[in-house]
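**Student:** I would like to see how this sequence folds:
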Amino acid sequence: MKNFTFLMLLIFGLLLNEACKSPANNSRDEANIRKAYSALMQKDYTAFAALCTPDFAELALAPQPIKGIEACIAQYKVFLDAIPDLKFEIQSIVPAGPNRYFLQINLTGTNTGNFMNLQATNKQINVQDIDIITLNAEGKCTSHWSANPGAALSQIGYGSINNANTALVISAYEAFGKGDIPGLLSLCNEDIIFEIHDRSFDTKIWTFKGKEEVTKFFTELNNKIKYSKFQPVRFLADGDDVFIKVDVEFMQNANKKNYSNSYAHQFKALNGKLSYFKGMDGMSLELK
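**Tutor:** You can find the predicted model right below:
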């Protein structure tokens, strides 16, 4: 990262001469940029939106650009809810041609809030980053790009979220939590395989192949178990594989007793959809 930052700063210097040829609006633009970052820190989303164009685009926080000011603010809220004391220290702003600026930024804060339904780790971040901001002729921000968008997540312990397959798995969990099994299955390939090693479900190992059989699994699961807690607490991603620790509490419908457990889940993705799932249970403890 240090080498990258040095390279970016070198580029700053090379572009500075060209930028300074038309400095008339630089002061206005720099002031608006600082106001925009300040509005985000203060969670004043109305003020932030007023400093941006309706088609504002976030180019770094997702696999594809996020387009539209409302969609971008929704994404920023996720980070600001997870790190409520997030601070942006703008260390320098360098013009890089008409309506384009390079920023050297330092981000600090503590993860005390949930992130995408994941529990807070209470870890601190301290990230050096390079941002690129573009503005229109009136001085309103039109786009944002970050050189190191995943650094904060890595520092709080959720670096695996940067893997696109992890986002796919989180979407599957969200659908399951809502009871939206058709929505969950829409994230799966037609030949999806579920392999279940769960003594609360059955004493033997079950394999369900294809969406029709997997639908039957969820029906049987609902008949046997009622979850009061289903909390993914740790993700590890390696290429197409995503591994998850899930803490659960549930009632066995057969005996009406309540238990706690931790599951180990593995998902495998293929061509942007889930192709394989393995679920294994730990030791169930009865709750009194």
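**Student:** Enumerate the helices of the stretch 51-200 of the chain by residue range, in sequence order.
**Tutor:** Read by DSSP state H, counting those that start in this stretch, the stretch 51-200 of the chain holds these helices, from start to end of the chain: 69-82, 151-156, 164-177, 181-185.
**Student:** Residues contacting the second one, please?
**Tutor:** Contact with helix 151-156 is made by 1, 79, 82-83, 107, 111, 115, 121, 123-127, 129, 159, 161-162, as judged by Cβ atoms under 8 Å, 6 or more residues apart in numbering. In this view, the C-beta of every residue, glycine as well, is placed from N, C-alpha and C.
**Student:** Over to the last one?
**Tutor:** The set of residues external to helix 181-185 that reach it, using Cβ under 8 Å, 6+ apart, is A172, A175, F176, I192, K211, V214, T215, F218.
**Student:** Any of those residues buried? List them.
**Tutor:** A172, A175, F176, I192, K211, V214, F218 (16 or more other Cβ atoms under 10 Å).
**Student:** Export those residues as a markdown table, with columns for distance to A50 and pLDDT.
**Tutor:** Formatted as a markdown table, the buried ones among the contacts of helix 181-185 follow (distance: Cβ to Cβ, whole Å; pLDDT from 0 to 100):
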| residue | distance to A50 | pLDDT |
| --- | --- | --- |
| A172 | 37 | 93 |
| A175 | 35 | 92 |
| F176 | 39 | 93 |
| I192 | 46 | 97 |
| K211 | 47 | 96 |
| V214 | 48 | 96 |
| F218 | 46 | 95 |
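**Student:** which among those residues gets closest to K288?
**Tutor:** K288 lies nearest to F176 out of the buried ones among the contacts of helix 181-185, by Cβ to Cβ, at 27.4 Å.
**Student:** Can you tell me what sits against stretch 242-249?
**Tutor:** 160, 163, 165-166, 168-169, 227-237, 258-269, 287.
**Student:** Pull out the buried positions in it.
**Tutor:** Residues of stretch 242-249 classed as buried by neighbour count (16+ other Cβ under 10 Å): V242, F243, I244, V246, D247, V248, E249.
**Student:** Flag the shaky bits of the chain, pLDDT-wise.
**Tutor:** Under the criterion of pLDDT under 70, the regions of the chain flagged as low confidence span 1-24, 63.
**Student:** Show the contacting residues for the residue nearest in space to the middle of it.
**Tutor:** Residue closest to the average C-alpha location in the chain (Cα atoms, centre = their mean): I161, at 5.5 Å. For I161, the contacting residues are F115, M116, G150, L153, A167, I170, F235, taking Cβ under 8 Å, 6+ apart as the criterion.
**Student:** sorry, back to before: ok, of the contacts of helix 151-156, which come out buried?
**Tutor:** Using 16+ other Cβ under 10 Å as the burial test, these include 79, 82-83, 107, 111, 115, 121, 125, 127, 129, 159, 161-162 as buried.
**Student:** Dump these to a markdown table, plus distance to L274.
**Tutor:** Conversion of those to a markdown table gives the following (distance: Cβ to Cβ, whole Å):
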| residue | distance to L274 |
| --- | --- |
| F79 | 26 |
| A82 | 25 |
| I83 | 29 |
| L107 | 33 |
| N111 | 27 |
| F115 | 22 |
| T121 | 26 |
| I125 | 30 |
| V127 | 31 |
| D129 | 32 |
| G159 | 21 |
| I161 | 17 |
| N162 | 18 |
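**Student:** Between all of the residues you listed, which two are at the greatest distance?
**Tutor:** The two members of these with the most space between them (Cβ to Cβ) are T121 and D129, at 20.2 Å.
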